[in-house]
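J.: everything below, folded, please.
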Amino acid sequence: MRTSILYKTSLLSTFFSRSLSLSNHTSHMFAKSRLIFQHHELTESTQDLAKEEITKLESPKNILTITASEQTKGRGTSGRSWTSLGGNVIMTVALAQDEIPVTLTLLPLQVGVLVAERIDKILRDACGSEEGKVKVKWPNDVLLNDKKIAGILIESKVVNGLTWYLIGIGVNLLATPDVPSEGSNRGRQATCLQDHCPDYELPNLTAQVFSQDLTEGLVQWLERPSSTSEKVREVWKEWAEMGKPQIIRETNEVIIPLDIKEYGQLLVRGEDGKTRELLIDYLL
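T.: Sure thing, here's the model as predicted:
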């Protein structure tokens with residue numbers, strides 16, 4: 001049984017309990033305390049737009065979330081392309097470095113857990129599925145039945161001497177992108193949440209509600225006194241599959257994940273039988 005920080009997702013619960021169909025309504029901006037939320041129908045990149053918008057914020061305490069219905073120049077890790085399809089989560093959360101309560105390299109792990117919790121909640125509560133298995137994969141992916149359903153990209157920008165981090169999040173809710181199996185953009189086969197909800201059509205606004213709820217969950221975590229680096233590692237391992245063989249994309253080496261270390265390094269056993277720590281490698 002998963003324990004610990006299974007956050008209350010009241011917005012998602014309300015949304016699906018009412019079976020809302022709000023496709024004719026679009027929210028463009030709201031502000032809740034220090035949280036600023038913008039929605040755009042079309043943008044080139046929520047990451048690039050966030051880099052512009054943080055220069056306009058009045059306070060380093062502000063947390064900015066930008067979502068889009070469509071983006072034309074999405075990107076993933078190492079500059080690889082990210083396919084953004086309509087109905088999926090396309091979002092960036094920007095926050096100042098001083099707001100992050102843990103070692104920075106653990107941030108993608110924590111965000112991955114927040115995303116996994118919400119996918120799992122929709123899968124159980126809205127779709128009624130008991131067969132879907134949601135897992136996190138080091139360092140920044142979420143899997144559903146071993147297929148990629150979400151990815152996270154973290155970039156930074158310095159504004160007036162203050163470093164801001166931009167957390168780009170993509171979640172496949174209503175549509176599954178085609179992922180190349182060869183070449184520089186090759187990756188794990190993808191899936192979407194709708195494919196696991198055969199008896200329930202997810203509403204068009206699922207992505208926007210998911211994005212808002214995820215942002216509020218992130219803010220709750222930032223403000224929680226118990227949010228420590230040790231806790232992040234502990235909970236992340238509850239959602240991970242240690243001991244399951246993985247492949248390093250750049251070398252095709254098969255490794256066995258063993259543990260997550262203090263600064264987010266992945267302790268693995270390589271094909272040579274020796275243990276080592278991964279820092280910047282990408283696992284398929």
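J.: lowest mean pLDDT among the helices and strands of this structure, which one is it?
T.: Between all helices and strands in the chain, the lowest mean by mean pLDDT, DSSP states H and E belongs to strand 29-32, at a mean of 47.
J.: helix or strand right after that strand?
T.: Past strand 29-32, heading to the C-terminal end, the next element that is a helix or strand (DSSP states H and E) is strand 35-43.
J.: mind listing what's buried along that following strand?
T.: Within strand 35-43, the residues scored as buried using 16 or more other CB atoms under 10 Å are 35-40, 43. Quick note: C-beta positions are derived from backbone N, CA and C, even for glycine.
J.: phi, psi for the closest residue to residue 270 other than its chain neighbours please.
T.: The spatially closest residue to residue 270, leaving aside those adjacent along the chain, is residue 255, at 5.4 Å (CB to CB, 6 or more residues apart in numbering). Summarising the backbone geometry of residue 255 under the convention degrees, to the nearest 10, its torsions are phi -120, psi 160.
J.: what's opposite residue 255 in the beta bridge?
T.: Beta bridges link residue 255 to residue 246 when assigned by DSSP bridges.
J.: restrict stretch 210-220 to CA atoms and write it as CSV.
T.: Taking Å, rounded to 0.1, in the frame of the first residue of the first chain, the C-alpha atoms of stretch 210-220 are listed here in CSV:
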residue,chain,number,x,y,z
PHE,A,210,-5.3,18.5,-14.0
SER,A,211,-2.9,21.4,-14.4
GLN,A,212,-4.6,23.6,-11.8
ASP,A,213,-4.8,20.7,-9.3
LEU,A,214,-1.2,19.7,-9.9
THR,A,215,0.0,23.3,-9.4
GLU,A,216,-2.0,23.6,-6.1
GLY,A,217,-0.5,20.3,-5.0
LEU,A,218,3.0,21.6,-5.7
VAL,A,219,2.3,24.7,-3.7
GLN,A,220,1.0,22.6,-0.8
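J.: okay, buried residues for it please.
T.: Neighbour counts using 16+ other CB under 10 Å place 210-219 of stretch 210-220 among the buried residues.
J.: just stretch 247-264 next, same as before
T.: By neighbour count, with 16+ other CB under 10 Å as the criterion, the buried positions of stretch 247-264 are 248-249, 255-257, 260, 264.
J.: out of the buried residues of strand 35-43, what pair is the most spread apart?
T.: Distance extremes for the buried residues of strand 35-43: the farthest pair is 35 and 43 at 19.5 Å, using CB to CB.
J.: for residue 230, helix, strand, or coil?
T.: Assigned state for residue 230: helix (three-state reduction, DSSP: H, G, I helix; E, B strand; the rest coil).
J.: before we move on, the earlier item: quick one: which of the buried residues of stretch 210-220 sit in strands?
T.: Using DSSP state E, the subset of these located in strands is empty.
J.: just the closest of these to residue 151, please.
T.: Using CB to CB, residue 214 is the member of those that sits closest to residue 151, with 13.8 Å.
J.: just confirm residue 242 contacts residue 257, I think it does.
T.: Yes. Shown here, residue 242 and residue 257 form a contact pair, counting by CB atoms under 8 Å, at 5.2 Å.
J.: residue contacts, residue 34?
T.: Under the criterion of CB atoms under 8 Å, 6 or more residues apart in numbering, the neighbours of residue 34 are 59, 61-63, 219.
J.: residue 147: which of the buried residues of stretch 247-264 is nearest?
T.: Minimum distance to residue 147 across the buried residues of stretch 247-264 is 16.0 Å, recorded for residue 249 (CB to CB).
J.: in the sheet, who's paired with residue 169?
T.: Here residue 169 sits in beta bridges with residue 91, residue 152, as judged by DSSP bridges.
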